[in-house]
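1. model the following, please.
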Amino acid sequence: MTALAAANEVYEFAEVGRHEIEVAASTTIYKGAGVCLDTSTGYGVPASDASGYISKGVNLAATVDNSSGSNGDKKVGTFTNKYFLLTASGASQTWEGQMLYWVDDATVALAASVTYNIAAGRCVEYRSSTRVWVNLMDTGIDTLTAGTVTASMPVVADENKDVGDFRNLDAVNIDAGSSGVAGSVDVFPTTAASGKLVLTCDDQAGDTAVTISANAMGQATAIGVPDPGAASAYFVLSSVALTTEEATTRYLTVDIPDISTANSTGLIYCPYAGTITSIKSVLHGAITVGDAAITTYIGSTAITGGGLTIATAGSAKGDIDTASPSGLYTVAVGDYLEAISDGGSTDAARATVTFVITLT
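-> Next comes the predicted model:
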């Protein structure tokens, strides 16, 4: 493009509020009729409460008869940005200041009386139950219903600064509420009347922010919040990052007072539901003569693969033995766990047995 070096003629499209619209086929638009653009065809039609129509003002010139013509054979001139005295149905003083919508090409009404909300303009003066002055604006901000999102139209907040309902909204930052005004975010599921998730914030001890951040993950991950079975519950928090194993593993420990005494036992209540994935023992002192065999139980049921053999050969304080259960290892809240020695060794020695539980 090149900047001007001489005078240039610039053409005006039309006077403000004056429109020239091609008329749809087989259509007559009478003088004084409201006119709409049918967005499905792009041609002018008499105003009515119909899907896909956009108000384009009033025909103040002659009747345009395109009843025998094709699309665009004739044009109609319309006007907006003016006050028009229009026919109304059941008008009252309360209409003043409200948006009115086309019922047909001669009649306007409030939104409650129409289906598709084809905005005509705003009522500026009430005359009678059948006559009102309407400011017929171009389709745009003044023809919108404040607080309501309409497809392919600007959005205007209502008197409470409310707007609903966007279908998808992308934003870099979203604030729910403001300092001193509580905010919330409601998230609804697919099925109607099936509750919702509400995100809110309590008062903080100081003017600080609480940040919830997703750490880097190597895969797409869905994180669920289980039913706590109560009206109020809390997350368990850590001041350091936890692995999955750390977050889902619990440990229960019992002492066998003397593994060199037959049927010496240790018992513990289980407050978790899960699977016993490992059992470990730690010896507190050396033993002699024979090995001590430890059998482990959930209640009265022996854990398959859950036996431990504490060898006498080279035994010393701190010896560790491990068993990896292979069956009958599922625990429920309220079970008890038990470790029993057969007393196969001599010399009194205590052993600590730890049950490693993966939560389910």
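2. quick one: the strands in the stretch 201-350 of the chain?
-> 249-256, 265-269, 274-283, 292-298, 301-302, 308-310, 320-323, 330-331, 336-341 (DSSP state E, counting those that start in this stretch).
3. repeat that for the stretch 1-150 of the chain.
-> Ranges of strands within the stretch 1-150 of the chain are 18-22, 27-29, 34-38, 43-46, 53-59, 64-66, 75-79, 82-88, 99-104, 107-109, 119-128, 131-136, based on DSSP E, counting those that start in this stretch.
4. around residue 122, count how many other residues there are.
-> If you count neighbours by other C-beta atoms under 10 Å, residue 122 ends up with 18. Where C-beta positions appear, they are placed from N, C-alpha and C, glycine not excepted.
5. who's residue 126 bridged to?
-> Beta-bridge pairing of residue 126, defined through DSSP bridges, involves residue 132.
6. these two touch, right, it and residue 97?
-> No. Residue 126 is beyond contact range of residue 97, at 10.0 Å (criterion: C-beta atoms under 8 Å).
7. who's more crowded, those two?
-> Set side by side, residue 126 and residue 97 show more neighbours around residue 126, with 17 against 9, by other C-beta under 10 Å.
8. now the strands of the stretch 1-150 of the chain as CSV including mean pLDDT and distance to residue 254?
-> Shown next, in CSV, are the strands of the stretch 1-150 of the chain (pLDDT from 0 to 100; distance: least, C-beta to C-beta, whole Å):
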stretch, mean pLDDT, distance to residue 254
strand 18-22, 89, 88
strand 27-29, 97, 90
strand 34-38, 94, 81
strand 43-46, 97, 85
strand 53-59, 91, 78
strand 64-66, 97, 95
strand 75-79, 92, 90
strand 82-88, 92, 86
strand 99-104, 92, 76
strand 107-109, 95, 80
strand 119-128, 92, 77
strand 131-136, 93, 84
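9. who wins for proximity to residue 208 among those?
-> Of all these, it is strand 99-104 that lies closest to residue 208, at 44.1 Å by C-beta to C-beta.
10. which residues touch residue 18?
-> Shown in contact with residue 18 (C-beta atoms under 8 Å, 6 or more residues apart in numbering): 77, 78, 79.
11. identify all contacting residues around stretch 300-311.
-> With contact meaning C-beta under 8 Å, 6+ apart, stretch 300-311 is reached by 259, 276, 279, 281, 283, 287, 291-297, 319, 321-329, 345, 351, 353.
12. from residue 188, how far out is the nearest residue to residue 147 once chain neighbours are set aside?
-> The shortest distance from residue 147 to any non-neighbouring residue, by C-beta to C-beta, 6 or more residues apart in numbering, is to residue 158 (3.1 Å). In this view, residue 158 and residue 188 are 22 Å apart by C-beta to C-beta, to the nearest Å.
13. same deal with residue 266?
-> 51 Å.
14. do the same with residue 47
-> Distance from residue 47 to residue 188, by C-beta to C-beta: 36 Å.
15. please apply the same query to residue 114.
-> 28 Å.
16. for residue 325, what are its contacts?
-> Residue 325 makes contact with 276, 277, 278, 279, 303, 304, 305, 306, according to C-beta under 8 Å, 6+ apart.
17. take those residues and write them to a markdown table, including pLDDT and neighbour count.
-> Below are the contacts of residue 325 laid out as a markdown table (pLDDT from 0 to 100; neighbours: other C-beta atoms under 10 Å):
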| residue | pLDDT | neighbour count |
| --- | --- | --- |
| 276 | 98 | 24 |
| 277 | 97 | 14 |
| 278 | 98 | 17 |
| 279 | 98 | 24 |
| 303 | 98 | 24 |
| 304 | 98 | 11 |
| 305 | 97 | 15 |
| 306 | 97 | 24 |
